[in-house]
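Chemist: When you get a sec, could you give me coordinates for this:
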Amino acid sequence: MRWVRAISSQVEEAAETLGGKAVGLVLLHRLGLPVPAGFVITTQACRAFLRDGRLPDGLDDELATAIADLEVTAGRSFGGPRRPLAVSVRSGAGVSMPGMMSTILNLGLTTEATAGLAVETGDRPFALNSRLRFLSSFASAVTNADAGGVGNASDAGDAGDAGDAGVGHGEDPGRGTKDEETRLADAMKAIEEFVRQRSGQPIPDDATRQLASAVEAVFSSWDTPRARTYRALHDIPHDLGTAVIVQTMVFGNRDDHSGTGVAFSRDPNTGENIPFGEVLFGHQGEDVVSGRSTTRPLRELAEREPAVWAELLDALNRIEGHYRDSCYIEFTFQAGELWVLQVRPGRFVGGAAVRVATELAEERVIGRHEALLRISPRHLRQVRTPRIASSEEADVFARGLGACPGVAVGHVATTADRAVRMAQGGALVVLVRPETSPHDMHGLAAATGIVTARGGPASHAAVVARAMERPAVVGIAGLTVDAGNGTVTAGGRTIGDGTLITIDGTSGEVVLGRPRIVANAADEHLHRLLAWADDTSGDHSRRGESQRLEAAHAALRASGA
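Modeler: Numbers count the residues shown, from 1 in each chain. Below is the predicted model of the structure:
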């Protein structure tokens, strides 16, 4: 059996074998969009690993061949001192499980390769920072613990977390100084010691061994408690396994014309036909997802990098044309050159889904019958999203970004473990964290709503909240969470664990107590869709909205549509 496949437009296998992420990369190739060269290790290899407790026979040889092909394609040497090749190692199951499994960036930056990267670029701090990021992500993967804060690794050179200067770049006053290099070196030593104490083994300084260990770590992350909890919540079978995607690194932290971001072709909150997302300049992709850095609105990319913006719009248009639906992509740009790393349909809910379906029908991209079939009674229930009635009437504690519509009322819990204990005692809980990580999954599952001080619409907290349909507010500037003392502070006021709060995942408001709640009224798009439903069913008796849609679905099924 072959365990490894190249990622190219010629690949024809299904998501059950390649994983959804790799199938998306194949699509990008077919659309002629820029994708970093790479290969995928199949879900079959993961299942064999989980069954036998070791990598399957023959995989080592296939990995060696695949890496050799990447070296030729890139004109680089894996782990070597001259023009070193670094790769990303990402999970990619057949069913989306955002943030639940491991990712390792910059793999292959051995001590020797890091020195070579410094010589090649003439930028030693960049090379050291890139190795630090490798060590941090590798440590988190192999120890199944969050190593992001070890030795302040996540903050190294982050320019005060401003989000527009970048890691070790731009406005960082320490850039290029011995102090900065010393700080980076100390952080690397701290991470290496962290791994040695946790695992009893050093981080290998050989690129081939790094890759094998990383693949094992990603396969193992399929069976972590957080991943099992997520699958149980979403009725995902436990025996599917994950693929592993290995791609040539694109460095979003390379210089002031580099960065990373996520983009929807349409606004996922409203369905409006405008690009929506967030971007970080001078950063790598994990900074967006982790929520540790303050992101910038996607539109700033048009101002800072107009050529990249134009390419991004072209990519979104091509992908939306293929799906005949809204879409979501993750991207990185290095030295002004765009690369697309992931793609999927937008998967909007509620009023946003209704608006996209009706507008696509009006644009004649899809027919009215297809628009009706894309909307379920569940979507209609979500259209009438609860909202806090009036800010003037409520005691607003803090404001951030609405990340998932709806209202949640619950008692503050400042740790995931505390959220679980409070929920087991019968309380409704709102989890309030500086940012969330996959290690908080048990607390996220126990909470009715989520609040974070940092992060944007694509942060871990926001993505998981949308997947679980939990109202969420993220990116609250000035919010401080002291988990040790069980307190939350904003605007000079402090509240403790157990305080009753209400959050509005549309407006981004966090309110003390239980304010008056109202529901959104139906808008023109819903009225239009229901009129099509009545025309399709032939029943104009104006029954309930869900009944009218279900009658249209029944008529379409009867006609064989």
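
Chemist: Please enumerate residues in contact with the helix or strand of the chain with the lowest mean pLDDT?
Modeler: In the chain, the helix or strand scored least confidently by mean pLDDT, DSSP states H and E is helix 285-290, which has a mean of 80. With contact meaning CB atoms under 8 Å, 6 or more residues apart in numbering, helix 285-290 is reached by 99, 103, 105, 133, 137, 148, 154, 167, 252, 260-262, 278, 280, 293, 295, 330, 332, 341, 435, 437, 455-456, 458-460, 463. C-beta coordinates here come from the backbone N, C-alpha and C atoms, glycine included.

Chemist: Of those, which belong to strands?
Modeler: 103, 105, 260-262, 278, 280, 330, 332, 341 (DSSP state E).

Chemist: from those, which is closest to Ile476?
Modeler: Ile476 has its nearest neighbour among the ones in strands among the contacts of helix 285-290 in Glu278, at 15.5 Å by CB to CB.

Chemist: Which pLDDT value belongs to the closest residue to that closest one other than its chain neighbours?
Modeler: Once flanking residues are discounted, Glu278 sits nearest to Thr295: 3.8 Å by CB to CB, 6 or more residues apart in numbering. For Thr295, the pLDDT comes out at 85.

Chemist: where's Thr295 relative to Arg254, distance?
Modeler: From Thr295 over to Arg254 the distance is 18 Å, taken as CB to CB, to the nearest Å.

Chemist: For the residue nearest to Asp395 when sequence neighbours are not counted, grab phi and psi.
Modeler: Among residues not flanking Asp395 along the chain, Leu512 sits closest, at 4.4 Å (CB to CB, 6+ apart). The phi and psi values for Leu512, taken as degrees, to the nearest 10, are phi -80, psi 140.

Chemist: I figured Leu512 was touching Gly496, is that so?
Modeler: No - counting by CB atoms under 8 Å, Leu512 sits too far from Gly496 to count as a contact (12.0 Å).

Chemist: quick one: which of those two has more around it?
Modeler: Leu512 (16 against 13; other CB atoms under 10 Å).

Chemist: ok, now how distant is that one from Phe397?
Modeler: 5 Å.

Chemist: measure Lys189 to Pro202 for me?
Modeler: Where Pro202 is concerned, Lys189 sits at a distance of 12 Å (CB to CB).

Chemist: Which of Thr295 and Arg254 has more residues huddled nearby?
Modeler: Neighbour count, other CB under 10 Å: between Thr295 and Arg254, Thr295 has more, with 29 against 23.

Chemist: The more buried one: what's it in contact with?
Modeler: So Thr295 contacts 163, 261, 278-280, 288, 455-456, 458-459, 475 (CB under 8 Å, 6+ apart).

Chemist: rerun that using 7 Å as the cut-off
Modeler: Contact partners of Thr295, counting by CB atoms under 7 Å, 6 or more residues apart in numbering, are 163, 278-280, 288, 456.

Chemist: in the lengthiest helix in the chain, what counts as buried?
Modeler: In the chain, with assignment by DSSP state H, the single longest helix is helix 178-199. For helix 178-199, a neighbour-count test (16 or more other CB atoms under 10 Å) marks 180-181, 183-184, 187-188, 190-192, 194-195 as buried.

Chemist: Check stretch 432-444 too.
Modeler: Within stretch 432-444, the residues that count as buried by 16+ other CB under 10 Å are 432-438, 440-444.

Chemist: what residues are up against the residue nearest to Asp395?
Modeler: Per CB under 7 Å, 6+ apart, neighbours of Leu512: 395, 397, 501.

Chemist: what does Thr415 give?
Modeler: 443, 483.

Chemist: let's go with 10 Å and repeat that
Modeler: Contacts for Thr415 (CB atoms under 10 Å, 6 or more residues apart in numbering) come out as 421, 431-433, 440, 443, 481, 483-484, 486, 497.

Chemist: In CSV, list the residues you listed along with pLDDT.
Modeler: Shown next, in CSV, are those (pLDDT from 0 to 100):
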residue, pLDDT
Arg421, 97
Leu431, 98
Val432, 97
Arg433, 96
Asp440, 90
Gly443, 94
Val481, 96
Ala483, 95
Gly484, 95
Gly486, 96
Asp497, 97
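
Chemist: From the structure, what's the count of residues near the residue nearest to Thr270 when sequence neighbours are not counted?
Modeler: Nearest non-adjacent residue to Thr270, counting by CB to CB, 6+ apart: Ala352, 5.7 Å away. When neighbours are defined as other CB under 10 Å, Ala352 has 25 of them.

Chemist: Direction included, what does the helix or strand hosting Gly92 pair up with?
Modeler: Counting by DSSP states H and E, the element that carries Gly92 is strand 87-93. Within its sheet, strand 87-93 is paired with strand 103-107 (antiparallel), strand 242-248 (antiparallel), according to DSSP bridges.

Chemist: With respect to burial, which of those strands scores highest?
Modeler: strand 242-248 (a mean of 26; mean count of other CB atoms under 10 Å).

Chemist: Distance from stretch 203-220 to the middle of the chain?
Modeler: Here stretch 203-220 is found 23 Å from its chain centre; the criterion is CA atoms, centre = their mean, to the nearest Å.

Chemist: Residue ranges in the stretch 1-150 of the chain under the pLDDT threshold?
Modeler: Scanning the stretch 1-150 of the chain with the threshold set as pLDDT under 70 gives 148-149.
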